[in-house]
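[1] 3D, please:
(2 chains)
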Protein chains: 2
Amino acid sequence: MLATCLQWDPEQRCHCVVVRTMPSSVNSSNQVCENGVELLPAINDAHGGVIVDMKDAMDPRDFLTLLRASISQWREEGKKGVWIKLPIELVNLVETAVKEGFRYHHAEPHYLMLVYWIPEINDTLPANASHRVGVGAIVLNDKKEMLVVQEKSGRFQGTGVWKIPTGVVDEGEDIFVAVIREVKEETGIDAEFLEILAFRQAHKAFFEKSDLFFVCMLRPLTFDIQKQELEIEAAKWIPLEEFAAQPVTQKHELFKYILELCSAKLDREYAGFSPLPITSVFNNKSSYLYLNRQDMQCLCSSDQS
Amino acid sequence: MLATCLQWDPEQRCHCVVVRTMPSSVNSSNQVCENGVELLPAINDAHGGVIVDMKDAMDPRDFLTLLRASISQWREEGKKGVWIKLPIELVNLVETAVKEGFRYHHAEPHYLMLVYWIPEINDTLPANASHRVGVGAIVLNDKKEMLVVQEKSGRFQGTGVWKIPTGVVDEGEDIFVAVIREVKEETGIDAEFLEILAFRQAHKAFFEKSDLFFVCMLRPLTFDIQKQELEIEAAKWIPLEEFAAQPVTQKHELFKYILELCSAKLDREYAGFSPLPITSVFNNKSSYLYLNRQDMQCLCSSDQS
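    Next up, the predicted model:
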C-alpha cells in the first residue's frame, strides 16, 4: 500500500499514517488517524475528497466498522466526495456500502466504483463516461471504387445492403488508429488515414448512452480483400454509382451524406479535420487535436511564426 | 410487466409467457417456460441474448433458484449474452449474480448492469461507454475581445490564468446545446453557436476513460457578464493580444491552438464543422451530422439535386 501511495502525484498523497497490521490479517494495510482509530486506506483527490482502493478481502461487518469510523473522521476533516473502488472479488462488501448511503458511480468488468457525498450542499461529483465512439471508413481506390462490406449481424443482416466498414473505438484508442484497425480486421486491407470528413452525435444509442460516430477517409495501401469470417458476410470494391444506386443510400440520410462527402472529396475541395499531435505542459501527456489543417496550414505558412 | 413488454419494439418482445403470480408475492410477474418452470422475466435482445430488468424486491435464495433455472433454459434455447439490470434497491442480489458467474458491465447512480456470456465461443458483448465529452467556447465580441473566466477549482485555480469557458456535455445533450448552456451558466452571456473549430481526443482523462474536447466558436448575443458564484472566480472580455500575452498561451499547445483558431477565424478563411439535422429511416430518430458545411454548401448549390 505504501509503495502504491508513493507512486502517485505528490498532490494526492496519503493524508493519514499508513500502517501495516499483522500479515495474517485479511485487512493488511489500513490507516489510523491521529486518535488511533483504524480507518480505511485512503488517498486525497484533487477536489477535496478521498479515494479508497480496496484490495484485500474483508468480512462485511469489519468493513462496516471501518467505513463508519472513516466517514466520521472524513466528515470532521471537511472532506467532500468519498470514492470506494471494489474489485469484483469483494462483491460481498457492495451491499454494506449501499446501505451506508453510497451510490454506484460506474462499473467496469472487474470493479464497481461507489461514491458518497459528505457535505450538506449539492453533490458536484463528476458524471460517468457518457459516450461510445464509433468509426466508419471511406476507402477509395484509384478506380473510384469504395471498399464495402455486408455484416453477418446487426441492422443490415440479410438485407444485401453494402455499407462502409465500421466499428467501435476501444478504450484508450485514437480515432485514426481505430479506423485503420477496423478496415484491416474486416477486410484485410491496409490503409492510411487521411481525414475525418464528418461526425454524428446520436443519443440513447446504447442503454442511456450517447454515440459519436466519425466518418473517416482513408487511402488504401493494399487492394486484395481477405474478409473476416466471424462478422463479415461479404466484402468488395464497389463503383460509387453502384453504392449510390442502393435504395438505402437515398433513403437513409447518413448513407446519402457519406456518398456526398465522398463525391465532394473526389470532385472538389472539401476540407475535413486531421490530427495534429500536441503535448500538455502539465503532465507531458500526448494527445491529438483534430482540425482543418488545410485552412490552418495556409495561415501558418504566411503570417505565423 | 405485460404492459411494459407491449410498449417495446416488436422485434424485442417477450419470448416466454408472462404470468402474474399472487399480488402478495414479492416476485410479482415472472415468466414460465413451456415445461412450467418459473423463470426470470426476460425479453430478447437483437443479438441473440436476453435482458432481465429486475423491478421487484426478492430474497437472494429465491433469486438464485430462478437465475439457475433461467440460465439453464436460455442455454437450451441457444441464447448468448444475458443482461441483468438491478436497481440499487436490489443491491442484495448483486453478490448472488456475481457468484453465479456474472460480471459487471456498467453502472449508473441508480442501477448496476451485470452480464453473463453463455456460449463456449468468445464473448462479443459490446463494451461500456468509453468517453467523456467536454466543450470549450470561443466567444468573440465586435471589439475582438474574447470571453474568459478564472475558475475557483481545478488545474488553474489561483494561478491568475484566463481561460475560455469549458464544461462537460450532459448525457443526451447535443454538443452545440452544451456549449451555449455552459457559457450562459458561467458568465450569464447568451450566445449563438457557429462552428466546431477543432477537437481533441485524450486518454486516461478520468479513471480509465478517454476524453473528447470540442473547441466551439460562438457569437455573443448579450454582453453584460453575470458570473456564476459557485465555480467562477472572475469573468471578463479580454483583448486577444492580452490572451496571447499570457505565458500559458505560448507554453500550452492547446491554448496556443485556441488562439490560432481564433485568429484564423477572424483574419481569413477557416472552415470548421457545423451541425446538420438528419433523421434515421429506421427509427425516425433525429441526430446531428457535423461537417464542413462551407465546402458542402458550395457542392450542393452547384451540381447536387
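
[2] make it CA atoms for all contacts and neighbour counts henceforth
    Noted.

[3] any residue of the top strand by length along chain A up close to chain B?
    Counting by DSSP state E, the longest strand found in chain A is strand A:191-206. Yes: contact between strand A:191-206 and chain B, assessed by C-alpha under 8 Å from any C-alpha of the partner chain, occurs at A:197-204.

[4] Which of those are buried? Put it as a PyMOL command.
    Selection of buried members from these for PyMOL, criterion 16 or more other C-alpha atoms under 10 Å in any protein chain shown:
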select buried, chain A and resi 197+198+199+200+201+202+203
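
[5] circling back: would you mind identifying the next helix or strand past the longest strand of chain A?
    Sequence order places strand A:209-220 as the next helix or strand after strand A:191-206, per DSSP states H and E.

[6] Sheet-wise, list the partners of that next one with their directions.
    Strands adjacent to strand A:209-220 in the sheet, as given by DSSP bridges, are strand A:131-139 (parallel), strand A:191-206 (antiparallel).

[7] Other residues contacting that strand?
    Residues outside strand A:209-220 that contact it (C-alpha atoms under 8 Å, 6 or more residues apart in numbering or on different chains) are A:130-141, A:175-176, A:179-180, A:189-205, A:258, B:129, B:171-172.

[8] Now, of those residues, which are buried?
    With burial judged by 16+ other C-alpha under 10 Å, the buried subset of the contacts of strand A:209-220 is A:130-141, A:175-176, A:179-180, A:189-191, A:193-203, A:258, B:129, B:171-172.

[9] all strands of the stretch 201-305 of chain A, in order?
    Assigned by DSSP state E, counting those that start in this stretch, the stretch 201-305 of chain A shows strands spanning A:209-220, A:232-239, A:274-279, A:286-291.

[10] Output the third one as CSV, nothing but the C-alphas.
    This means strand A:274-279. The C-alpha trace of strand A:274-279 is given here as CSV (Å, rounded to 0.1, in the frame of the first residue of the first chain):
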residue,chain,number,x,y,z
SER,A,274,-7.0,15.8,-39.5
PRO,A,275,-4.9,15.1,-36.4
LEU,A,276,-2.1,17.2,-35.0
PRO,A,277,-0.1,15.8,-32.1
ILE,A,278,0.0,18.1,-29.1
THR,A,279,1.6,17.7,-25.7
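
[11] so what does that strand touch, helix or strand wise?
    Packed against strand A:274-279 by the contact rule (3 or more C-alpha pairs under 8 Å, 6 or more residues apart in numbering or on different chains; DSSP states H and E) you find strand A:191-206, strand A:286-291, helix B:253-267.

[12] Might one say that A:Gly167 is in contact with A:Lys184?
    No: A:Gly167 lies out of contact with A:Lys184 (C-alpha atoms under 8 Å); the separation is 11.3 Å.

[13] Tell me the residues that contact both of those two, please.
    Residues touching both A:Gly167 and A:Lys184 (C-alpha under 8 Å, 6+ apart): there are none.

[14] Out of the strands paired with strand A:209-220, name the one with the poorest average pLDDT.
    When the strands paired with strand A:209-220 are compared by mean pLDDT, strand A:191-206 comes last with a mean of 92.

[15] C-alpha coordinates for that one, CSV please?
    This file holds the C-alpha atoms of strand A:191-206, laid out as CSV (Å, rounded to 0.1, in the frame of the first residue of the first chain):
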residue,chain,number,x,y,z
ALA,A,191,-4.9,1.8,-45.3
GLU,A,192,-3.5,5.2,-44.4
PHE,A,193,-5.6,7.7,-42.5
LEU,A,194,-6.4,11.0,-44.3
GLU,A,195,-9.2,12.9,-42.6
ILE,A,196,-12.3,13.0,-40.5
LEU,A,197,-14.9,14.1,-43.0
ALA,A,198,-17.9,14.5,-40.6
PHE,A,199,-19.2,13.1,-37.4
ARG,A,200,-22.6,12.3,-36.0
GLN,A,201,-23.8,12.6,-32.4
ALA,A,202,-26.8,10.5,-31.5
HIS,A,203,-28.5,9.9,-28.2
LYS,A,204,-29.8,6.8,-26.3
ALA,A,205,-27.8,4.7,-28.7
PHE,A,206,-26.8,2.1,-26.2
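
[16] bridging residues for A:Met146?
    Beta-bridge partners of A:Met146, counted by DSSP bridges, are A:Leu140, A:Ile238.

[17] For it, give its distance to A:Ile175.
    Distance of A:Met146 to A:Ile175, given as C-alpha to C-alpha, to the nearest Å: 20 Å.

[18] and if you look at A:Lys143?
    Look at A:Lys143 and A:Ile175: by C-alpha to C-alpha, they are 27 Å apart.

[19] Contact residues of the stretch 51-200 of chain A facing chain B?
    Contact residues, the stretch 51-200 of chain A versus chain B (C-alpha under 8 Å from any C-alpha): A:88, A:91-92, A:94-95, A:98, A:103-112, A:128-133, A:153-154, A:170-174, A:197-200.

[20] Show me the residues you listed that map onto strands.
    Among these, the members found in strands (DSSP E) are A:103-108, A:111-112, A:131-133, A:197-200.

[21] farthest pair in those?
    Greatest spacing in those, by C-alpha to C-alpha: A:Arg103 and A:Leu197 (40.6 Å).

[22] Would you mind giving the domain segments of chain A?
    For chain A, the structural domains run A:2-117, A:132-272, going by automatic domain parsing.

[23] Pick the most buried one from the ones you listed.
    Most buried of these by mean neighbour count (mean count of other C-alpha atoms under 10 Å in any protein chain shown) is domain A:132-272; its value is a mean of 19.

[24] Quick one: end-to-end length of that domain, please.
    21 Å.

[25] How about stretch A:271-290?
    12 Å.

[26] Can you give me the buried ones in that stretch?
    The neighbour-count check on stretch A:271-290 (16+ other C-alpha under 10 Å) flags A:271-275, A:278-279, A:287-290 as buried.

[27] Show me the two of those residues that sit farthest apart.
    For those, the maximum inter-member distance is 24.4 Å, found between A:Ala271 and A:Thr279 (C-alpha to C-alpha).

[28] in chain A, which helix or strand is least confident?
    None of the helices or strands of chain A scores lower by mean pLDDT, DSSP states H and E than helix A:2-7, at a mean of 26.

[29] tell me the pLDDT at A:Ala107?
    pLDDT, A:Ala107: 92.

[30] in the sheet, who's paired with the residue nearest to it when sequence neighbours are not counted?
    Spatial nearest neighbour of A:Ala107, excluding adjacent residues (C-alpha to C-alpha, 6 or more residues apart in numbering or on different chains): B:His106 at 4.5 Å. With DSSP bridges applied, B:His106 shows beta-bridge pairing to B:Met113.

[31] what's B:His106 in contact with, if anything?
    B:His106 makes contact with A:106-109, B:112-114, B:128 under the criterion C-alpha under 8 Å, 6+ apart.
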